[in-house]
Each structure stands twice: as structure tokens, then as C-alpha cells.
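**Q** no FASTA, just this:
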């Protein structure tokens, strides 16, 4: 997307949010349709069940509807909406973790894969990501899956830049521990240690 | 090199290492990108870290994702908002007149589609009942609404309902095995419209779906195939 197109999209989002703040349901629905795909893809990486993804998205837009009048337009609308989704997801994921002591690994049953294939790398990666604390995982996903900058992630998560860097540092350290052979020898067959 | 220089170099190394994820995702500023580039030339450790992070980045973006159609989810949000507004009529008394926005026509289309979705939901229920009584030799089913009530996409061959417990990975595996892909859905009734991804006969895809415990309902929408026809 060009800079001009990005600016135009930002302005349009901003106009829509002003309309939402005035109680315009059509504007809310347009925002919903504009963000649904991005949020669904992001959230489905944590919770594969669509009903959970939908619940988080709809809770997010319910909060958008109820809080739009409080938005001061000091930040981008996208950062604000994704920030609400982030906090809603965080609560939901903590609740899920509380209910399922084994974590979300149950959602990703072990698969028999060709140990020399990229699928094996992805299997290991998924396993490693599932071991990360929720805040570290979300930071990594916001950067690598959503493509957000350091400053955007700080705004979304309402944390100082230093905290974002620290979470990313620890996430990378842990992944390195879980994925010892990923960097230089992707086609080596790493032995599972569990 | 004195200890001050050594300390400064170590500090720069840590600072650059921390920036690598945003160097990888391309969101880093130009000035910082040049700083990272300069450091990478002389730092094998950071080059290794960069290689690892690139693999992680590629791995996290390589997985296939099922695309969801938002219409049914939006309807449920609308219902929640309606419930809130009817519970607080004072708040609902001042709806914004609002401008329709650039995509208002798209929205009007969505509303029309939502009406169609309801028709499909009802027709699927009718189909389910028809299938239930099919063995008892019931009369001509009223099932035809499955194919007629909602506009059928030209490439749609099957409509199916999956178990609510099905995961994305399982859903993708089921579709891959049957040579199908999602073209729309899920509707409010959980109905997916599916198109073929191979030249496999629709009957064969249908048989694979029906044999899978994760598939609650599957029916061809191909003209000429009677509802409930055994593949």
C-alpha cells in the first residue's frame, strides 16, 4: 500500500469513527467489515476455534461502539482498534489457559510429518510459539504476523517501547531454546525432546 | 581497544540485536535500517540471529489460513447491539443520521445477502429434516430451497456444515482431502459454500465429506443431482 493510500485509509477510518461516536451503526458495520479479515487471521493463530475468534472480534467492536466518543484521535484508529482486540484477546487467552492447564497444545495434535520438510519446521515453530507466555507470543505475532513497528506495538499494548523490546528479547531467547536447529540447519532433523 | 570502546561496541551490539525483528518485518525506519546494515557487516552473531529470525518470520507467515466471511458474525454483533439498545431506549433515541460512506452500496448488498443467509439457514434445517425422513419414503422434499433460496455462486458445488468443534487445521485437511475450497461461509446456520479445486467428481467429494465424523451435513448444489442422492 502506498503512503497516499495508507493516509487515505487512515482518514476514512477516522471519519468512520467520528460517525460511530455519533451513533451511526452503518459506520460501525463498515469498520467491522474493514477489520474483520485482519483480526480473524491474527486471532485464529491463538485460538483455532472460530467461535472464540468471533467472540473476541465482536467484544472488540462492542467496545468500539461504546467507547468511540472517548477516542481523542491522538493515535491511529487502527492502533486503537487493534489495541482493544489485543486486550480482549489477552483476557480471553488467560481465561482459556486457566481452564485448560495443558495450554493450547491440545488444539494442535501431534502430527506425523516428514522430518526433512518445511512442515517439520512449522511444526516445531508452532510448538515453540505455544510455549511462550501470552504477552511475549502476542508481541511476536504483532511484529511478525501483523507487521507492526516497535512504536505501533508499544501503542497497541499500552506499554513503553522498552517493555516491548524486553518481551521480544525473551520471546526470541525462548524460541531459540525450543528451535535450536532452525537458523542454520533447517533441513536437519531435530530430535523432539518431550 | 580500551574498555570504554569495548563497552560502547557491546552496547551497540545489544541495541542492534533488539532491532532485528523490526528489520525483518520491514517496519524499521531508514536511518535505523542503515545502522543495522552497517553493524551486520562486522557482526557474525547478529547475522546468525538475522537468519534465525527470518526463518521464524517466514514460518509464521507460511501457514495456510482459512478465510472467514464476516456476514454471519456481523449479524450476531448487530443482535447484541439491538439487545443493548432495546434495554436502554434512551440511548437508542438518538441514532446518528450519519453518512452512508464509500462502501454503503456494499453494505446494502450485505443486508440483502443476510436475508438470503436466513433463507439458506431455514432451508438447511428443512433439508436436515428431509434427510431424516428420506428412508421412510417421504414425499417430494421441500429441500430445493437449499439450492434455490440463496443465489448460488457459479463455482459452488457443495454446501456443508461442520462440527462446531472442528479446528482450522482439521477443516483445511478435510477440504484438501475432498478437493474442495471455501468460497463463502459460515452462514448463521454454520453453512459453508464449497467449490472444487480438482476435477474429482462432486459425488466423490461428497462421499468423502459424508464419511467424515467432523461433517454434520453435506449436500450437492449441482443442478441435476437430487438432494440426498447417495454418491
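**A** Cool, the structure landed. Keep in mind that this is a model prediction, so the values were computed, not measured.
**Q** how about the residue lying closest to residue A:83 once chain neighbours are set aside, phi and psi?
**A** Leaving aside its chain neighbours, residue A:83 sits nearest to residue A:156 (4.4 Å; criterion: C-beta to C-beta, 6 or more residues apart in numbering or on different chains). All C-beta atoms are positioned from the backbone trio N, CA, C, and that covers glycine. Backbone geometry at residue A:156, expressed as degrees, to the nearest 10, gives phi -60, psi -40.
**Q** now swap in residue B:201 and tell me
**A** According to degrees, to the nearest 10, residue B:201 has phi -60, psi 150.
**Q** What about it, how many residues nearby?
**A** Look at residue B:201: counted by other C-beta atoms under 10 Å in any protein chain shown, it has 14 neighbours.
**Q** now do the one 4 residues further on
**A** Residue B:205: 25 surrounding residues under other C-beta under 10 Å.
**Q** helix/strand/coil for it?
**A** helix (DSSP: H, G, I helix; E, B strand; the rest coil).
**Q** What distance do you get for it to residue B:215?
**A** 11 Å (C-beta to C-beta, to the nearest Å).
**Q** go on, residue A:8?
**A** As judged by C-beta to C-beta, residue A:8 and residue B:215 stand 43 Å apart.
**Q** Could I get the pLDDT score of residue 100?
**A** All of this is about chain A. Here, the pLDDT recorded for residue A:100 equals 53.
**Q** that's the wrong chain, I wanted chain B
**A** pLDDT recorded at residue B:100 is 41.
**Q** Just give me the neighbour total for the closest residue to chain B within chain A.
**A** Closest to chain B within chain A is residue A:24: 3.0 Å, counting by C-beta to the nearest C-beta. Residue A:24 has 22 neighbours, counted by other C-beta under 10 Å.
**Q** List the buried residues in stretch A:165-175.
**A** Residues A:165, A:167, A:168, A:169, A:171, A:172, A:174, A:175 are the ones in stretch A:165-175 that count as buried (16 or more other C-beta atoms under 10 Å in any protein chain shown).
**Q** So it, near chain B or not?
**A** Yes - using C-beta under 8 Å from any C-beta of the partner chain, stretch A:165-175 reaches chain B at A:165, A:168, A:169, A:172, A:175.
**Q** tell me the contacts of the last one?
**A** Under the criterion of C-beta atoms under 8 Å, 6 or more residues apart in numbering or on different chains, the contact partners of residue A:175 comprise A:125, A:128, A:129, A:132, A:140, B:56.
**Q** In ChimeraX, how would I select just the buried ones from these?
**A** Of the contacts of residue A:175, the buried ones can be selected in ChimeraX as follows, counting by 16+ other C-beta under 10 Å:
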select /A:125,128,129,132,140 /B:56
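**Q** That's all I had, so thanks and see you.
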